[in-house]
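# Fold the following.
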Amino acid sequence: MEQNRKFGPTRGSIITIFNELWKIAASVLGVLFINLVSQNGEVLQATVVIIIGFVFKPISKLIEYLSTIYTVTDKSFYVKKGILVKRTIEIPLEVITTVDFGQSLFYQIFKCYKVKIDNASQAITQKDKAEIVLSLSKKDAFYLKELLMEDSVDKQNIKEKNEKDSLNSSVGEIILLGLFSSNILSIIQILAVGVPVLSFFVNLFSSERKIEDFFDSAFEWFVDGNGVRIILLIVGIIVANFVYVIVNSLLRYYPFQVQMNEKEIRVDYGTLSKKSYTFPRKKISGIKRKQSILMRIFGYESLELMVVGYGDTSEEDKVKEVPLLVPIIKVNKTEQILSQLFKNYQEEKEELHADKKGLFYYFLTFRVFGVIILIMASLLIKQLAVCRVIFLLLGLVVMISVFMEYKAARIFISNHYITIAYGSFRTEKKMIPWNKVEAVSGYGSIWKQKAGLISLRLSTNAPIYESSIKAKNYNKKILGKILEKVPF
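Numbers count the residues shown, from 1 in each chain. Here you go, the predicted model:
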């Protein structure tokens with residue numbers, strides 16, 4: 001470490017030891033309560049072991065805190081850790097892709113930030129070298145960010161109200177986002193409907209009723225008060241879910257603000273748990289446009305960035321973090337944002353659709369064969385006849401989804417970018433600059449190739465989960481058009 005030291009050595013804030021202390025305390029109280037209720041000697045012994053395990057966690061956090069030191073020089077970021085076996089991790093400043101701030105309610109009380117530092121090595125080496133997480137006071141957190149990220153938005157003093165350089169999501173848009181992305185609603189509705197229907201089928205078979213009496217039995221069961229109760233239950237669940245998704249979206253995303261300058265993009269959002277991300281423009285590999293079927297109907301979409309070294313599992317949340325640019329926006333406003341982000345975006349594009357001869361191969365999938373087998377079984381097996389309508393409806397949904405997948409498959413080629421669109425009920429468009437494409441390959445069965453069809457795979461300089469992009473069943477001439485554009 002011969003370079004000039006600019007920050008540290010420091011262990012960060014001691015608040016990191018107590019970050020999950022309330023969870024541990026609640027778990028211990030829960031275990032003690034179970035012990036008091038059971039009044040069993042064996043349970044008491046197990047309780048002691050469990051409590052010792054819970055107490056060990058803050059002790060291990062304390063040891064980790066005392067044995068880890070962070071230092072920044074004019075060229076590298078260093079992490080020294082270990083007691084008996086010491087090791088040093090060196091990360092050159094030029095490979096650091098993002099410096100993110102997270103602030104849960106606990107951190108807000110003590111005016112501290114959880115700082116996560118991602119770098120390009122995340123895609124090729126061990127996680128602890130690629131993702132560094134530390135806790136710092138507000139002053140130290142912003143100072144560290146200035147050292148690691150050149151020309152940050154904070155240093156440029158961009159005013160939040162400057163419409164040219166900032167973008168805000170309104171309360172109404174965030175509420176719509178929650179309603180559009182509500183997966184919980186679908187799951188609960190399926191359970192609410194499926195459980196009583198399944199119970200009805202069981203009673204139907206156990207009483208050995210004839211198939212011809214199925215509809216009469218169903219009608220009698222429905223008008224006997226059961227149907228009204230089920231409808232009221234479903235309506236109540238839907239209303240409760242609407243309230244949940246609205247409150248959850250507002251707490252998670254509001255206020256959402258994007259600030260941009262010539263070199264970086266900064267994203268801030270959250271109420272109870274605040275997030276702040278900074279992305280250098282030169283390290284953005286592309287952009288992803290996502291739409292659910294409801295978003296398409298109402299003309300909205302969400303935008304995500306593709307950034308090398310960002311987007312793998314978070315140590316804090318244990319989920320894949322998404323480099324969100326805009327949670328929800330009108331489609332007609334997206335063009336303006338993309339024009340700000342990428343030079344030459346407005347240039348003429350050639351649009352290519354999946355080949356019509358490839359439609360047959362879209363239907364050669366396991367889900368299509370599976371639903372055909374179910375329908376055939378309901379026709380041939382007497383006991384499954386009552387499920388025939390359900391299987392036919394399922395088959396219709398599957399066929400529609402496959403056809404929508406074929407219709408959504410498109411490739412847009414310009415002099416500087418390639419955009420690949422795919423999906424069915426949910427669609428995505430990934431726009432990649434040509435200089436971020438590292439490899440192009442074409443593949444397909446001998447039958448496909450005889451029909452003049454080919455599937456494509458683009459390897460890009462992007463996060464692992466985004467680095468390989470596939471496009472199925474196109475005319476094989478498209479491979480030559482793509483190879484003409486790639487820079488290698």
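
# Give me the distance between the residue nearest to Gly299 when sequence neighbours are not counted and Phe412.
Closest residue to Gly299 apart from its sequence neighbours, by Cβ to Cβ, 6 or more residues apart in numbering: Val331 at 5.1 Å. Using the backbone N, CA and C atoms, a C-beta is placed for each residue, glycine as well. Val331 sits 15 Å away from Phe412, going by Cβ to Cβ, to the nearest Å.

# How is this protein divided into domains?
Domain segmentation of the chain under automatic domain parsing yields 177-253, 344-488.

# Determine which of these shows the lowest mean per-residue pLDDT.
With a mean of 64, domain 177-253 has the lowest mean pLDDT of these.

# all helices in the stretch 351-488 of the chain, in order from the N-terminus.
359-362, 366-380, 388-408, 446-450, 477-485 (DSSP state H, counting those that start in this stretch).

# wait, which of the ones you listed is closest to Ile109?
helix 388-408 (46.8 Å; Cβ to Cβ).

# Would you mark the buried spots in the closest one?
Phe391, Leu394, Gly395, Val398, Val402, Met404, Glu405, Tyr406, Ala408 (16 or more other Cβ atoms under 10 Å).

# do stretch 351-362 as well
Buried-residue list, stretch 351-362, by 16+ other Cβ under 10 Å: Leu352, Ala354, Asp355, Gly358, Leu359, Tyr361, Tyr362.

# outside of it, which residues touch it?
Residues from elsewhere that reach stretch 351-362 (Cβ atoms under 8 Å, 6 or more residues apart in numbering): 402-403, 405-406, 409-413, 448, 451-453, 471-475, 478, 481.

# Over to the residue nearest the centre of the chain. Which of the three states is it?
Most central in the chain under Cα atoms, centre = their mean is Val322, positioned 5.0 Å from the mean C-alpha point. Classification of Val322 using DSSP: H, G, I helix; E, B strand; the rest coil returns coil.

# Assess the claim that it and Glu304 are in contact.
Yes. The pair Val322 / Glu304 is scored as a contact, 5.7 Å apart, by Cβ atoms under 8 Å.

# can you pull out the helices in the stretch 51-200 of the chain?
105-109, 127-130, 138-148, 153-156, 171-180, 183-206.

# Now for Ile464, how many residues are close by?
When neighbours are counted by other Cβ atoms under 10 Å, Ile464 registers 13.

# Check Arg289 too.
Counted with other Cβ under 10 Å, Arg289 comes out at 21.

# Which residues are in contact with it?
Glu301, Ser302, Leu303, Thr334, Glu428, Lys429, Lys430, Met431.

# in what helix or strand does it lie?
strand 284-291 (DSSP states H and E).

# and the angle for that strand with helix 388-408?
140 degrees (axes from the mean of the first three to the mean of the last three Cα atoms, to 10 degrees).

# Direction included, what does strand 284-291 pair up with?
Looking at strand 284-291 with DSSP bridges, its partner strands are strand 300-307 (antiparallel), strand 427-433 (antiparallel).

# Format those strands as JSON lines; extra columns: mean neighbour count.
Output for the strands paired with strand 284-291, formatted as JSON lines (neighbours: other Cβ atoms under 10 Å):
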{"stretch": "strand 300-307", "mean neighbour count": "22"}
{"stretch": "strand 427-433", "mean neighbour count": "20"}
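
# ok, back up a step: and of the domains of the chain, who's closest to Ser285?
Proximity to Ser285 (Cβ to Cβ) singles out domain 344-488 among the domains of the chain, at 4.0 Å.

# still on that earlier bit, of the buried residues of helix 388-408, which is the nearest to Ile265?
Ala408 (27.9 Å).

# circling back to that earlier point, for my notes, please list the helices of the stretch 351-488 of the chain in TSV and give distance to Ala462 for each entry.
Formatted as TSV, the helices of the stretch 351-488 of the chain follow (distance: least, Cβ to Cβ, whole Å):
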stretch	distance to Ala462
helix 359-362	26
helix 366-380	28
helix 388-408	21
helix 446-450	27
helix 477-485	17
